[in-house]
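# structure for this input, please:
(2 chains)
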Amino acid sequence: GAGVSQSPSNKVTEKGKDVELRCDPISGHTALYWYRQSLGQGLEFLIYFQGNSAPDKSGLPSDRFSAERTGGSVSTLTIQRTQQEDSAVYLCASSSGAGGAEQYFGPGTRLTVT
Amino acid sequence: SQQGEEDPQALSIQEGENATMNCSYKTSINNLQWYRQNSGRGLVHLILIRSNEREKHSGRLRVTLDTSKKSSSLLITASRAADTASYFCATVYGGSQGNLIFGKGTKLSVKP
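Numbers count the residues shown, from 1 in each chain, chains lettered A, B, ... in the order given. Model prediction:
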């Protein structure tokens, strides 16, 4: 079966522009997570969706970051007014079990803000 | 920060040798997981150990967990060049929604 997919695989944008990153989780997985990986900060949790519950946004670094998950499936992470420190690889993961189960990661989107 | 720490940061061994990586964390956990990452992308889940377990095996992998010391170790036996990757421990903290808190990783290089 298909794994987690993300698009685009690479994105170069100018400082101040908005970007949207997309994640298609494994079909049937109710939990979806966004993380980002950068040289300075390592792997950081951003946001978590579980079914129809309100998302856990506790990891979002600023109000320029938002995410939505439509129909319990595809998710979009939006970064407004991008800054150079937003440059990182953004990883999406999905999971079938309750919180704490193993997670299946997508290949990531490498975002470069110039 | 809740982030855990792995050591060593880098490890270089010959094929056939065993590799041991250690991870420490800071607060009580539900479970601890190990992931592998090749070439800076593609995290792959390796093994999950629950807080009430002390040891777990999967193929050439052996994981131990010591909750009194808040530490875990990953042993890869009879290493292969294909095991070259970065290895991360990740914890699920008690009361969390299941999001993973990752350590900084150990970069393993296995030379043929």
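# make it CA atoms for all contacts and neighbour counts henceforth
Fine.
# how far away is residue A:3 from chain B?
11 Å (Cα to the nearest Cα, to the nearest Å).
# what's the neighbour count on that residue?
Look at residue A:3: counted by other Cα atoms under 10 Å in any protein chain shown, it has 15 neighbours.
# just checking, it touches residue A:23?
No: look at residue A:3 against residue A:23 with Cα atoms under 8 Å: they stay out of range, at 10.8 Å.
# I'd like to know how many residues surround the residue of chain B found nearest chain A.
Using Cα to the nearest Cα, residue B:98 is the residue of chain B that sits closest to chain A, at 3.8 Å. Applying other Cα under 10 Å, we find 24 residues neighbouring residue B:98.
# can I take it that residue A:85 is in a helix?
Yes: assigned with DSSP: H, G, I helix; E, B strand; the rest coil, residue A:85 falls within a helix.
# check the gap between it and residue A:47 for me.
18 Å (Cα to Cα, to the nearest Å).
# who's more crowded, the two?
A count of neighbours by other Cα under 10 Å puts residue A:47 above the other of residue A:85 and residue A:47, at 22 against 12.
# any idea which element the more buried one lies in?
strand A:42-50 (DSSP states H and E).
# the helix or strand that that strand is followed by pairs with which strands, and in what direction?
Next along the chain after strand A:42-50, taking DSSP H and E as the criterion, comes strand A:65-69. In the sheet, strand A:65-69 lines up against strand A:75-79 (antiparallel) (DSSP bridges).
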